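# Here is a sequence with its predicted model. Questions after.
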Amino acid sequence: MQSIASSIGVAVFGSAFFHTIATDSPEQAYQQTLLIQVGLLVVFLLLTFLFPKKGRPDEFATVGDGEDTTAAASAAPATGATTPLASAMPNHAEGERL
């Protein structure tokens, strides 16, 4: 999605720049393109205030029905439990050089 937005941005600003430079000076083209960018930045900044303050609950949560998802997510792992990364790492004896 980000690459599509970047491509559209390059196309829009490039078109505005080259359209303006065909009839005006390069300075005018730079100023025109910069004004378009600043205007769009302000518009999108103002649109962010329309977003909801909190997201809706995840309907595909893996925690069982009725359980508190925040407590389950923040619980510390049990003693001896390993993370997926730790279980993929080879075990070395203490003091052994790698």
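Sure, I can see it. Just so we're clear, the structure is a prediction, and the values are computed from it rather than from any experiment.

# how deep is Thr33 tucked in, by neighbour count?
For Thr33, the count of nearby residues is 20 (other Cβ atoms under 10 Å). The way it works is simple: take the backbone N, C-alpha and C, and place the C-beta from them, glycine included.

# Can you tell me the closest non-neighbouring residue to it?
The spatial neighbour of Thr33 that comes closest, neighbours along the chain excluded (Cβ to Cβ, 6 or more residues apart in numbering), is Phe17 at 4.6 Å.

# for the strand or helix carrying the one you found, which positions count as buried?
For Phe17, the enclosing helix or strand under DSSP states H and E is helix 2-21. Using 16 or more other Cβ atoms under 10 Å as the burial criterion, the residues of helix 2-21 that qualify are Phe13, Ala16, Phe17, Thr20, Ile21.

# which residues touch the second one?
Contacts of Ala16 were listed using Cβ atoms under 8 Å, 6 or more residues apart in numbering, and they are Gln32, Thr33, Ile36.

# Format those as CSV; extra columns: distance to Leu50.
What follows is these, written out as CSV (distance: Cβ to Cβ, whole Å):
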residue, distance to Leu50
Gln32, 28
Thr33, 27
Ile36, 22
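
# Restricted to helices, list the residues you listed.
Among the contacts of Ala16, the residues falling in helices (DSSP state H) are Gln32, Thr33, Ile36.

# Surely the last one and Ser15 touch.
No - Ile36 sits out of contact with Ser15 when judged by Cβ atoms under 8 Å, with a separation of 10.2 Å.

# contacting residues around the closest residue to Phe13 other than its chain neighbours?
Counting by Cβ to Cβ, 6+ apart, the nearest residue to Phe13 once its immediate chain neighbours are dropped is Thr33, at 5.5 Å. Residues in contact with Thr33 (Cβ under 8 Å, 6+ apart) are Phe13, Ala16, Phe17, Thr20.
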